[in-house]
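S.K.: A predicted structure for the sequence below; I have some questions about it.
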Amino acid sequence: MTSPSLGLAHFWAQGDNVSHLVALALLVMSVGSWTLMLHKLLAHWRVRHTLRTGLDAFWAAPSRAVAVDTLRREDRSLIFATLATDAERAAQAYEQKSCGGIGAGVDASEFIGRTLQQSIVHAQARVESGLTFLASVGSTAPFVGLFGTVWGIYHALIGLSGAARMSIDQVAGPVGEALVMTAAGLFVAIPAVLAYNACTRANRLVLAQLDGFAHSLHAFLVAGVRVASPARAAD
């Protein structure tokens with residue numbers, strides 16, 4: 001029967017600075033990854049809200065200015081609204097400067113297209129922010145936990161080396177507590193890996209919708225063709 005003195009509190013009390021540092025590192029990684037996961041979940045919900053209502057309201061607006069203002073109010077993610085704002089500003093700048101000067105030789109399609117491309121690049125960087133942290137946590141947390149286990153076992157064996165007589169109970173307790181570090185590393189890594197895969201798929205769908213919206217904007221601002229709302233992202 002396990003002694004009541006053995007447990008996480010006992011392991012923490014018996015651990016040294018290295019064991020404490022490893023445990024705190026895993027705690028920081030866990031808190032950071034879960035905070036980022038909740039933030040990404042909220043951001044994805046905002047994008048889905050925009051896809052359901054924001055784009056329809058944008059295309060139903062009577063003018064370009066009203067459309068952009070409507071999308072700013074409806075787009076809680078600000079991704080699609082930023083793209084529309086940049087495109088509208090580019091169209092206005094072209095209309096004001098294309099009559100003379102260096103703007104006279106610039107094609108409207110190319111000018112607005114480059115603006116949309118730059119805006120998409122910035123949106124992609126914003127959408128994919130934090131994925132590197134999730135990938136790093138998912139790949140390193142098991143090894144951090146394993147290091148804590150090895151160090152804990154080493155520390156426990158050093159503590160027992162001076163004993164004249166040792167039983168299996170004396171060894172099993174400290175070693176078992178040290179193995180908790182491996183479990184902690186997996187507990188931190190598995191949600192981070194699953195969240196990374198889910199965010200990668202969700203971001204791919206969002207960027208596909210953003211690219212389709214950009215093409216629709218380009219056609220509307222250059223040729224005056226109002227394209228129907230793009231297909232909704234798959235669940």
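M.R.: Sure, I can see it. Numbers count the residues shown, from 1 in each chain.

S.K.: what's around the nearest residue to residue 16 once chain neighbours are set aside, how many residues?
M.R.: Distance criterion C-beta to C-beta, 6 or more residues apart in numbering; nearest residue to residue 16, sequence neighbours excluded, is residue 155 at 5.9 Å. Glycine gets a C-beta too; all of them are placed from N, C-alpha and C. The number of residues packed near residue 155 is 17, by other C-beta atoms under 10 Å.

S.K.: my read: residue 155 touches residue 19, true?
M.R.: Yes: assessed by C-beta atoms under 8 Å, residue 155 is found in contact with residue 19 at 6.6 Å.

S.K.: so what does residue 77 look like in phi/psi?
M.R.: phi -80, psi -20 (degrees, to the nearest 10).

S.K.: where do the helices sit along this structure?
M.R.: Per DSSP state H, the chain carries helices over the ranges 8-14, 17-49, 55-60, 64-74, 79-97, 108-127, 131-160, 168-223.

S.K.: got CSV for those helices, with mean pLDDT too?
M.R.: Shown next, in CSV, are the helices of the chain (pLDDT from 0 to 100):
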stretch, mean pLDDT
helix 8-14, 64
helix 17-49, 90
helix 55-60, 85
helix 64-74, 86
helix 79-97, 85
helix 108-127, 88
helix 131-160, 86
helix 168-223, 85
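
S.K.: residue contacts, the closest residue to residue 134 other than its chain neighbours?
M.R.: Spatial nearest neighbour of residue 134, chain neighbours left out: residue 196 (4.2 Å); criterion: C-beta to C-beta, 6+ apart. By C-beta atoms under 8 Å, 6 or more residues apart in numbering, residue 196 lies in contact with 131, 134-135, 138.

S.K.: quick check: residue 196 vs residue 122, distance?
M.R.: From residue 196 across to residue 122, the span is 22 Å (C-beta to C-beta, to the nearest Å).

S.K.: same thing with residue 221?
M.R.: Counting by C-beta to C-beta - residue 221 and residue 122 are separated by 19 Å.

S.K.: okay, these two: which has more neighbours?
M.R.: Applying other C-beta under 10 Å to residue 221 and residue 122 shows that residue 221 carries more neighbours, namely 25 against 13.

S.K.: wait, the more buried one sits on residue 86?
M.R.: No: taking C-beta under 8 Å as the definition, residue 221 is not a contact partner of residue 86, at 11.0 Å.

S.K.: hmm, back to that, and the contacts of residue 196, which is closest to residue 41?
M.R.: Closest approach to residue 41 among the contacts of residue 196 (C-beta to C-beta): residue 134, at 12.6 Å.

S.K.: that closest one: neighbour count?
M.R.: 24.

S.K.: give me every residue that touches it.
M.R.: 33, 36-37, 192-193, 195-196, 199.
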